[in-house]
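Novice: predicted model and sequence follow; I will ask about them next.
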Amino acid sequence: MSRSLKYDIPGPDWRCSVLDVSERGWPTLFDPALSAPLELALEIGFGRGEFLLDLAAKRPETAFIGVEVSFKRVLKMARKLARSGLTNTRLLEARGELVVRDLLPPASVREIWINFSDPWPKDRHYKRRLIQSEFVANAARCLTSGGMLHVATDDVLYASQIDEVLSREPLLENTFAPERWLAEVPGRMQTGYELQWRAEGRSLHFFAYRRPSGHES
Ligand SMILES: C[S@@+](CC[C@H](N)C(=O)[O-])C[C@H]1O[C@@H](n2cnc3c(N)ncnc32)[C@H](O)[C@@H]1O
């Protein structure tokens with residue numbers, strides 16, 4: 001752990017724990033001023049957090065949940081969030097797999113964003129990739145009718161796996177069809193890693209899948 005890491009939170013601390021969520025449920029963790037039923041949106045693996053901060057600032061009526069496995073990134077984001085004055089975002093240090101499996105009720109989330117999750121390029125590490133059939137099935141189950149799952153990657157082989165897994169999920173439909181993915185999505189905010197990959201000239205792959213109405217369970 002870096003010695004220069006700052007632990008103080010300069011304002012409200014919007015981090016919550018897995019225990020908070022499982023004991024109290026999401027609605028109690030957000031400002032009651034947000035309209036009921038809560039419109040929930042999730043970013044998994046927010047990294048330095050630019051994308052989540054931008055979404056949360058543009059849509060104050062939506063309740064955002066930022067999920068990150070790294071303690072350090074959650075701490076740094078908690079500091080940024082406190083300074084931003086935004087009150088519609090909560091941060092959870094957890095694995096995305098656990099969150100979609102255990103911490104979100106069926107048909108409760110309007111959108112899920114997964115930007116440039118680690119590609120784990122070595123064959124023996126494929127199992128560590130986030131986008132796998134079981135994860136996608138759980139994520140799809142959490143989506144409301146009309147809810148969206150957005151995924152982006154710069155890695156060509158990971159893009160093929162993502163395409164295969166998403167297109168096989170019966171609860172989801174590809175909103176970019178007949179394209180499998182797009183190389184550009186006009187108007188989309190760029191993430192920290194994305195800026196880096198663009199500067200290196202890598203090709204990008206953006207997926208957007210919807211849970212159509214009539215599939216709630
Ligand atoms: C390559 S970075 C991308 C960060 C950011 N989304 C961006 O595009 O700039 C991947 C991030 O996902 C986080 N991460 C990796 N596996 C995760 C998991 N299973 N659940 C939640 N976060 C995860 C990592 O800690 C890291 O911050």
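Specialist: Looks like it arrived, so ask away. Worth saying up front: this structure is predicted, and the values here are computed from it rather than measured.
Novice: check which helices and strands the longest strand anywhere in the chain is in contact with.
Specialist: Looking across the chain with DSSP state E, the single longest strand is strand 143-153. Applying 3 or more Cβ pairs under 8 Å, 6 or more residues apart in numbering; DSSP states H and E, one finds that strand 143-153 makes contact with strand 109-115, helix 133-142, helix 156-168, strand 205-210. To be clear about C-beta, it is placed using only N, CA and C from the backbone, and glycine gets the same treatment.
Novice: point out the most buried one among these.
Specialist: Compared across the helices and strands packed on strand 143-153, strand 109-115 shows the largest average neighbour count, a mean of 23 (mean count of other Cβ atoms under 10 Å).
Novice: got the residues of the chain near the ligand?
Specialist: 44-47, 67-70, 73, 95-97, 115-118, 130, 191-194 (Cβ under 6 Å from any ligand atom).
Novice: how many other residues sit next to residue 12?
Specialist: By other Cβ atoms under 10 Å, 12 other residues sit near residue 12.
Novice: help me confirm that it comes into contact with residue 87.
Specialist: Yes - assessed by Cβ atoms under 8 Å, residue 12 is found in contact with residue 87 at 7.3 Å.
Novice: what touches both of those two?
Specialist: Residues touching both residue 12 and residue 87 by Cβ atoms under 8 Å, 6 or more residues apart in numbering: none at all.
Novice: just the buried positions in stretch 195-208, please.
Specialist: Within stretch 195-208, the residues scored as buried using 16 or more other Cβ atoms under 10 Å are 197, 204-208.
Novice: dig out what the spatially closest residue to residue 174 that is not a sequence neighbour forms beta bridges with.
Specialist: Once flanking residues are discounted, residue 174 sits nearest to residue 209: 5.7 Å by Cβ to Cβ, 6 or more residues apart in numbering. Here residue 209 sits in beta bridges with residue 149, residue 174, as judged by DSSP bridges.
Novice: show me what contacts residue 209?
Specialist: 140, 148-149, 151, 166, 169, 172-175.
Novice: so the spatially most central residue of the chain, which state does it fall into?
Specialist: Central residue of the chain (Cα atoms, centre = their mean): residue 43, 2.0 Å from the mean position. Secondary structure state of residue 43, per DSSP: H, G, I helix; E, B strand; the rest coil, is strand.
Novice: which positions in stretch 51-68 come out as buried?
Specialist: Residues 51-53, 55-56, 62-68 are the ones in stretch 51-68 that count as buried (16+ other Cβ under 10 Å).
Novice: switch the helices and strands packed on strand 143-153 over to a markdown table; also include mean pLDDT.
Specialist: Converted to a markdown table, the helices and strands packed on strand 143-153 look like this (pLDDT from 0 to 100):
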| stretch | mean pLDDT |
| --- | --- |
| strand 109-115 | 98 |
| helix 133-142 | 98 |
| helix 156-168 | 97 |
| strand 205-210 | 98 |
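Novice: redo the ones you listed as TSV? Include distance to residue 82.
Specialist: Converted to TSV, the helices and strands packed on strand 143-153 look like this (distance: least, Cβ to Cβ, whole Å):
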stretch	distance to residue 82
strand 109-115	22
helix 133-142	28
helix 156-168	34
strand 205-210	31
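Novice: ok now do the closest residue to residue 171 other than its chain neighbours, which residues does it touch?
Specialist: Once flanking residues are discounted, residue 171 sits nearest to residue 140: 3.9 Å by Cβ to Cβ, 6+ apart. Contacts for residue 140 (Cβ under 8 Å, 6+ apart) come out as 149, 169, 171-172, 209, 211.
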